[in-house]
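1. I'd like to go over a predicted model; first the sequence, then the structure.
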Number of protein chains: 2
Amino acid sequence: MGRHELEYPKEVINKVKRHDERGQYPKVIHPLTSTTTTANHSLITPLLISASYALKTIHGLINSSPLVHVSFNIPSSPFPATLPMIGQMGSFTRPSADISEPLDLYIHGYVSSRLMNLGRDASSGSGDDGAKGLPVCVSASHVDGIVLSLSAFNHSYNYRSAVLFGNATLVEDREEKLYAMELITNGVVPDRWRHTRLPVTGAELQSTSLLRVKIASGSAKIRDGNASDDRHDLEDQGLVDRVWTGVLPMYQAVGEPVPSSYNSQAGLPEHLGGFSRDFSVESKEYSEQAARKK
Amino acid sequence: MGRHELEYPKEVINKVKRHDERGQYPKVIHPLTSTTTTANHSLITPLLISASYALKTIHGLINSSPLVHVSFNIPSSPFPATLPMIGQMGSFTRPSADISEPLDLYIHGYVSSRLMNLGRDASSGSGDDGAKGLPVCVSASHVDGIVLSLSAFNHSYNYRSAVLFGNATLVEDREEKLYAMELITNGVVPDRWRHTRLPVTGAELQSTSLLRVKIASGSAKIRDGNASDDRHDLEDQGLVDRVWTGVLPMYQAVGEPVPSSYNSQAGLPEHLGGFSRDFSVESKEYSEQAARKK
């Protein structure tokens, strides 16, 4: 500890616009403790949204998201394309690297041919800024609650969202592919890899396409806390009495396991049982804590 | 009924690559009922992944997703950018239009200034293909379960994913803005709008930026069912006995409501109570049915 926390550089592309998100209201202050300074509108909005450039926070959000959304451009199309994929942060050259350290993002997905072809083409070329690989934007979002205020305008979500920008190239080295397959498998369910049929066959290895994204920058944005409202609404007691305000926590849960037709085990093995139990509990607890945060 | 179901045109940009997702294996067949025809690898993968171009399916997935991911390009950056936003399908000119009919996508989000400025600039200009507005790709994904197979290679998710491509312009008409605010508010929690403080103030209306996306194309991809494995693994009884196979259903749940510090209502009003109850139950049931689907 005591070491400076690593952050991604703040640049135009990843800068989180925190203070101007309510349009023309420049000042956001904590409710009930302060007055506002905006002239025509008493906005009692607390600093409930925080931005982070910390590698630890951003990498943690990516790793804990079951899916990430990967966006890239296709030369022939005016539209960017986005694919849901599975992503996990890691370092093949230094596998013991901590989540707070510079890491690559490994991504894997089914609808892969278009992206994989672009990644293959880009592996040998170079981008506009000299960087090798296909420019991608990878995002991961957790929805933690529905925030219900007096006015529709002040409704919101509690959420945690991360975005990474980088250049994607195809992983071609056999050992790195195996490293990434294990990383991603254990990223979905901890310790699953060594409980599957090993070794991976040559055909499987050949048919698995993986991309390594070298990260250029990133940021995270988190909203937590309960409802907030404007002073003129809070002072309207009839309104306050009429409208339920608060947070409906939302979380991702794991349900009762459904064995396959060929499963022959009576109960869940420990690596799955522990995961099943902990996932829902932790996810639920986070959403409730976020709603209660002052 | 009896009417032909409307579909988005299949084009290069939105075509779902269904049959080549396992790389070089061209044939996917149902397990236990057929033999495979691939030469060096007996792939017993059922047709568990389906593609859809039906407006009804795609619009339904977008509408039921708490957040959508909106991707667009920033002229000065080599990377596309992606923002989590709130989206809902609707038709301002024909509000009674069914979800299976052509609709616009209305989107709203906090980190808006960059995107809104681009949308504003693009509102008056025209894209490469003559279409007005900022080209965007909007995606929504539901994770419905973790599919655990004998081999890491055959692990998967049950999921439902939709993507829309279109051109975004800023909503400037006052009535259309109010329409979209109500649409989006009720999209998050049914019937919430009329339970909030109305009317919306002029300042709120002015500070709310909304985009309308005119849809060019879209597609959906759904994976359901249980685990599947290759024949050589299924014939290895020692392996089958050693590895738990099946699905851990995943679903989004609503937890116990957390009232705000200024809430004065004793219990949840019916529009919130019904939503709270139904949301988790329906989401859980879908994930379990998906895992049991033959």
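-> That came in fine, so what should we check first?

2. next, residue A:288: secondary structure please.
-> helix (DSSP: H, G, I helix; E, B strand; the rest coil).

3. now do the contacts for it.
-> Neighbour list for residue A:288: A:249, B:255, B:256, B:258 [criterion: Cβ atoms under 8 Å, 6 or more residues apart in numbering or on different chains]. C-beta coordinates here come from the backbone N, C-alpha and C atoms, glycine included.

4. filter the residues you listed down to the buried ones, PyMOL style.
-> Typed into PyMOL, the next command selects the buried ones out of those (criterion: 16 or more other Cβ atoms under 10 Å in any protein chain shown):
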select buried, (chain A and resi 249) or (chain B and resi 255+258)
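
5. among the contacts of residue A:288, which one sits closest to residue A:62?
-> When the contacts of residue A:288 are compared for distance to residue A:62 (Cβ to Cβ), residue A:249 comes out closest, at 22.4 Å.

6. quick one: contacts for the closest one?
-> When contacts are counted by Cβ under 8 Å, 6+ apart, residue A:249 is found next to A:144-145, A:158, A:284, A:287-288, A:290-291, B:254-258.

7. now it: how far from residue A:143?
-> When Cβ to Cβ, to the nearest Å is the yardstick, residue A:249 and residue A:143 sit 10 Å from each other.

8. any shared contact partners between those two?
-> Overlap of the contact sets of residue A:249 and residue A:143 (by Cβ under 8 Å, 6+ apart) consists of residue A:158.

9. got a markdown table for the contacts of residue A:288, with distance to residue B:8, secondary structure and pLDDT too?
-> Output for the contacts of residue A:288, formatted as a markdown table (distance: Cβ to Cβ, whole Å; DSSP: H, G, I helix; E, B strand; the rest coil; pLDDT from 0 to 100):
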| residue | distance to residue B:8 | secondary structure | pLDDT |
| --- | --- | --- | --- |
| A:249 | 35 | strand | 98 |
| B:255 | 36 | coil | 96 |
| B:256 | 40 | coil | 96 |
| B:258 | 40 | strand | 98 |
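
10. can I get the contacts of residue A:288 in JSON lines including distance to residue B:88?
-> JSON lines is the format used below for the contacts of residue A:288 (distance: Cβ to Cβ, whole Å):
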{"residue": "A:249", "distance to residue B:88": "22"}
{"residue": "B:255", "distance to residue B:88": "24"}
{"residue": "B:256", "distance to residue B:88": "26"}
{"residue": "B:258", "distance to residue B:88": "25"}
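
11. would you point out the most distant pair within the contacts of residue A:288?
-> With distances taken as Cβ to Cβ, the most widely separated pair in the contacts of residue A:288 is B:255 and B:258, at 8.2 Å.

12. quick check: neighbours shared by those two?
-> A:248, A:249, A:288.

13. show me the shaky parts of the stretch 151-294 of chain A.
-> Applying pLDDT under 70 to the stretch 151-294 of chain A picks out no residues at all.

14. helices along that one, start to end?
-> Under the criterion DSSP state H, counting those that start in this stretch, helices of the stretch 151-294 of chain A are mapped to A:174-188, A:202-207, A:231-234, A:237-242, A:270-292.

15. can I get those helices in CSV with distance to residue A:139?
-> Compiled in CSV, these are given as follows (distance: least, Cβ to Cβ, whole Å):
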stretch, distance to residue A:139
helix A:174-188, 17
helix A:202-207, 27
helix A:231-234, 33
helix A:237-242, 37
helix A:270-292, 19
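
16. which one, of those helices, ends up nearest to residue A:50?
-> Closest among those, using Cβ to Cβ: helix A:270-292, at 11.8 Å.

17. buried sites along the closest one?
-> Those buried within helix A:270-292 under the rule 16+ other Cβ under 10 Å are A:271-272, A:275-276, A:279-280, A:283-284, A:286-288, A:290-291.

18. check the offset of it from the chain's centre.
-> 17 Å (Cα atoms, centre = their mean, to the nearest Å).

19. count of neighbours near residue A:243?
-> When neighbours are defined as other Cβ atoms under 10 Å in any protein chain shown, residue A:243 has 23 of them.

20. repeat for the one 3 residues further on
-> Using other Cβ under 10 Å, residue A:246 is surrounded by 23 other residues.

21. so it sits against residue B:256, correct?
-> No - the pair residue A:246 and residue B:256 fails to qualify as a contact (Cβ atoms under 8 Å) at a distance of 10.4 Å.

22. any idea how far the residue in chain A sticking out farthest from the centre is from chain B?
-> Largest separation from the mean C-alpha position in chain A: residue A:238, at 40.0 Å (Cα atoms, centre = their mean). Distance, residue A:238 to chain B, by Cβ to the nearest Cβ, to the nearest Å: 10 Å.

23. residue A:101 too?
-> The spacing between residue A:101 and chain B, counted by Cβ to the nearest Cβ, is 22 Å.

24. read off the pLDDT value for that residue.
-> pLDDT, residue A:101: 97.

25. check contacts around it.
-> Counting by Cβ under 8 Å, 6+ apart, residue A:101 touches A:6, A:55, A:91.

26. over to it: give its phi and psi.
-> Dihedral angles phi and psi of residue A:101 (degrees, to the nearest 10) take the values phi -100, psi 160.

27. then residue A:245?
-> phi -120, psi 140.

28. that one: neighbour count?
-> Around residue A:245 there are 27 other residues, counting by other Cβ under 10 Å.
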